[in-house]
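In: this one's structure only:
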Ligand SMILES: [Fe+2]
């Protein structure tokens, strides 16, 4: 369990983990996406949630749906209470992994999905935090 205080939870997808985020204080712009495909350079994603959420709201990610999330504080400070479980598949080569992406630099696909480039942590924080 973690607490989180920042301007944003930068846009990222996950591997082999689930998490849940209870908004305790403030309002956040919450965007989530299904992860459709992953390459070494991109994630192919489809937006599932794009809304402002207030205290008491709960969002979650899993391998099956809403795997990618991006939360931006509209009020500062905003606080979330996070529960994270890793190592869902014990046969996986990693306990978990996180893929930072650049949805604003992505290419919209004809089927409505978005091909978003992957970013280093440094570049992702510089652009989105
Ligand atoms: Fe996350």
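Out: Cool, the structure landed. None of the values given here were measured: they were computed from a predicted structure.
In: for the helix or strand containing residue 45, buried residues please.
Out: In the assignment (DSSP states H and E), residue 45 maps to strand 42-53. Across strand 42-53, burial judged by 16 or more other CB atoms under 10 Å covers 42-45, 53. C-beta here means a position set from N, CA and C on the backbone, and glycine is covered the same way.
In: ok, that strand: who's next to it in the sheet?
Out: According to DSSP bridges, strand 42-53 has the following sheet partners: strand 28-38 (antiparallel), strand 114-117 (antiparallel).
In: pLDDT of it, averaged?
Out: Computed over strand 42-53, the mean pLDDT rounds to 98.
In: contacts for the helix or strand following it?
Out: Later in the chain than strand 42-53, the nearest helix or strand by DSSP H and E is strand 58-61. For strand 58-61, the external contacting residues (CB atoms under 8 Å, 6 or more residues apart in numbering) are 14, 17-23, 30, 32, 49, 53, 66-69, 71.
In: please redo it, this time with the cut-off set to 7 Å
Out: 14, 18-22, 30, 32, 66-67, 69 (CB atoms under 7 Å, 6 or more residues apart in numbering).
In: partners of the helix or strand following that strand, with directions?
Out: Counting by DSSP H and E, the element after strand 58-61 in chain order, helix or strand, is strand 68-73. In the sheet, strand 68-73 lines up against strand 8-15 (antiparallel), strand 28-38 (antiparallel) (DSSP bridges).
In: and the contacts of strand 68-73?
Out: 7-13, 26, 28-33, 35, 43, 45, 59, 61, 103.
In: centre of the chain to it, how far?
Out: 6 Å (CA atoms, centre = their mean, to the nearest Å).
In: same question for stretch 12-26.
Out: The answer for stretch 12-26 is 7 Å, by CA atoms, centre = their mean.
In: turn the strands paired with strand 42-53 into JSON lines, including distance to residue 89, mean pLDDT and mean neighbour count.
Out: JSON lines is the format used below for the strands paired with strand 42-53 (distance: least, CB to CB, whole Å; pLDDT from 0 to 100; neighbours: other CB atoms under 10 Å):
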{"stretch": "strand 28-38", "distance to residue 89": "15", "mean pLDDT": "97", "mean neighbour count": "19"}
{"stretch": "strand 114-117", "distance to residue 89": "24", "mean pLDDT": "98", "mean neighbour count": "20"}
